[in-house]
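Asker: I would like to see how this sequence folds:
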Amino acid sequence: MATIHLPSGLTHYTGGLEVIVTDASRVRELLLELVARYPGIGAALEHMAVAIDGEIHNDADYLPLKPDSEVHLVPRIAGGRT
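Answerer: Model prediction:
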């Protein structure tokens, strides 16, 4: 099962859980599972990038997850003008 690591900003939706395991085969399934399990988290997930096994992706919905994948949800970094 893939292991999902949540940032502290999302743990209030999960009752304090920082690590969740899932058998989702793609990132989209993982995100849908989180929304189903933890009401209210959906809007916050829209502002997250997904790191799979150390590689960060902004649009990861259809990327596959391996049973031993380490997934980190991280806030997206926004660029700005100087």
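Asker: Need the residues that contact the helix or strand of the chain with the lowest mean pLDDT.
Answerer: In the chain, no helix or strand scores lower on mean pLDDT, DSSP states H and E than strand 55-57, which sits at a mean of 92. Contacts with strand 55-57, where a contact means Cβ atoms under 8 Å, 6 or more residues apart in numbering, come from Val27, Ala49, Val50, Ala51, Leu63, Val74. No exception for glycine: its C-beta is placed from N, CA and C like everyone else's.
Asker: Show me what the helix or strand following that strand is packed up against.
Answerer: Downstream of strand 55-57, the first helix or strand assigned by DSSP states H and E is strand 70-75. On a contact count with 3 or more Cβ pairs under 8 Å, 6 or more residues apart in numbering; DSSP states H and E, strand 70-75 meets strand 2-5, strand 48-52.
Asker: contacts for the longest one?
Answerer: If I follow you right, that is strand 48-52. By Cβ under 8 Å, 6+ apart, strand 48-52 touches 7, 10, 27, 56-58, 60, 63, 65, 69-77.
Asker: Also the first one?
Answerer: Under the criterion Cβ under 8 Å, 6+ apart, residues 18-24, 30, 34, 65-73 lie in contact with strand 2-5.
Asker: From those residues, keep the buried residues only.
Answerer: Burial by neighbour count, 16 or more other Cβ atoms under 10 Å: within the contacts of strand 2-5 this picks out Ile20, Thr22, Ala24, Leu30, Leu34, Leu65, Ser69, Val71, His72, Leu73.
Asker: low-scoring pLDDT stretches of this protein, where are they?
Answerer: Low-confidence segments of the chain (pLDDT under 70): 78-82.
Asker: Longest helix in it, please.
Answerer: Using DSSP state H, we find that the single longest helix of the chain is helix 27-37.
Asker: The helix or strand just after that helix: which residues count as buried?
Answerer: Following helix 27-37 in sequence order, the next helix or strand is helix 42-45 (DSSP H and E). Residues of helix 42-45 classed as buried: Ala44, Leu45 (neighbour count, 16+ other Cβ under 10 Å).
Asker: How far off centre is helix 42-45?
Answerer: Remark: helix 42-45 is offset 10 Å from the chain centroid, using Cα atoms, centre = their mean, to the nearest Å.
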